[in-house]
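# output the structure for:
(chains A and B)
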Amino acid sequence: MALADELIALRAKAQARVGPEVFGIMTRAVDELQQSGIVERSLKVGDRAPEFSLPDALGQTVHSKDLLAAGPLVVSFYRGGW
Amino acid sequence: MPEIKAAGGVLIAISPQLPDKSMTTAERHTLTFRVLSDVGNAVARRFGLVFELPDYLRPVYQGFNLDLGQYNGEPHAFELPIPATFIIDREGIIRLAFVDPDYTRRLEPAEVVTALKSL
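Next up is the predicted model:
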């Protein structure tokens, strides 16, 4: 099934697991974020992406410049594995 | 992921987690894509993605036995990036930007592949 469908199903499961009150609190946080305008402040298509250097899981430093020399980058930001 | 590679792209995932906390040693060595540690969210900040978890949400996380300080390090424990995916072309220009505070909605992988093919 498409990712979007899986996520909708997961979300329903999460809602069932944490209960309506907690789920309501978490939904409120998402809504506030959307209204805060932070999405407007994030980088857009056409903007220049900043160069960056970060350690990978093995402690090696990865430079975006080096990766881009080989081809386009798909960069995914996430909150963490928890 | 294989489709992304076939379309010429390299996938990297970035989170504020300390490298130790990101995964087990075995997992670290079997990854097909790089997972980078942006402790303190310095890079996420430059992409305009960082927010602070509101006070009223912190007890919820504590109720889950989730001590973000342990995962992310202090003092930035409650700062998180909005989940986002960008495609950056070889000139360093952003060609796709998917930024959604609703963490239950994500970009379909097929859209990434299509975008890569159109570069």
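# mind checking the SS state of the residue nearest the centre of chain B?
Nearest to the geometric centre of chain B sits residue B:14, at 4.0 Å (CA atoms, centre = their mean). Of the three states, residue B:14 takes strand according to DSSP: H, G, I helix; E, B strand; the rest coil.
# which stretches of chain A have low pLDDT?
The model of chain A has pLDDT under 70 over residues A:1, A:23, A:27, A:30-31, A:33-35, A:39, A:81-82.
# ok, residue A:68 - contacts?
By CB atoms under 8 Å, 6 or more residues apart in numbering or on different chains, the contact list for residue A:68 reads B:88-90, B:92. (Each C-beta comes from the backbone N, C-alpha and C, glycine too.)
# what about 10 Å?
By CB atoms under 10 Å, 6 or more residues apart in numbering or on different chains, the residues touching residue A:68 are A:49, A:51, B:10, B:88-92.
# out of those residues, which are buried?
Neighbour-count burial (16 or more other CB atoms under 10 Å in any protein chain shown) applied to those gives A:49, B:10, B:88-89.
# sorry, back to before: can you tell me which of the contacts of residue A:68 are in strands?
B:10, B:88 (DSSP state E).
# what's the closest of the contacts of residue A:68 to residue B:35?
Nearest to residue B:35 among the contacts of residue A:68 is residue B:10, at 12.9 Å by CB to CB.
# the helix or strand hosting residue B:112 packs against which elements?
In the assignment (DSSP states H and E), residue B:112 maps to helix B:109-117. On a contact count with 3 or more CB pairs under 10 Å, 6 or more residues apart in numbering or on different chains; DSSP states H and E, helix B:109-117 meets helix A:3-36, strand A:73-77, helix B:2-6, strand B:84-88, strand B:94-99.
# chain center to stretch B:45-55, what's the gap?
12 Å (CA atoms, centre = their mean, to the nearest Å).
# how long is it end to end?
Stretch B:45-55 has its terminal residues 20 Å apart, counting by CA to CA, to the nearest Å.
# what about that stretch, near chain A?
Yes: using CB under 10 Å from any CB of the partner chain, we find that stretch B:45-55 touches chain A at B:45-51, B:53-54.
# so where's chain B uncertain?
B:20-31, B:60-77, B:103.
# tabulate the contacts of residue A:68 (CSV), appending distance to residue A:57.
Shown next, in CSV, are the contacts of residue A:68 (distance: CB to CB, whole Å):
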residue, distance to residue A:57
A:49, 22
A:51, 21
B:10, 16
B:88, 21
B:89, 26
B:90, 25
B:91, 28
B:92, 25
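# quick one on the thing from earlier: show me what contacts the residue nearest to the centre of chain B?
Contacts of residue B:14 (CB under 10 Å, 6+ apart): A:52, A:54, A:62, A:75-78, B:34-38, B:41, B:43-44, B:47, B:49, B:81, B:84.
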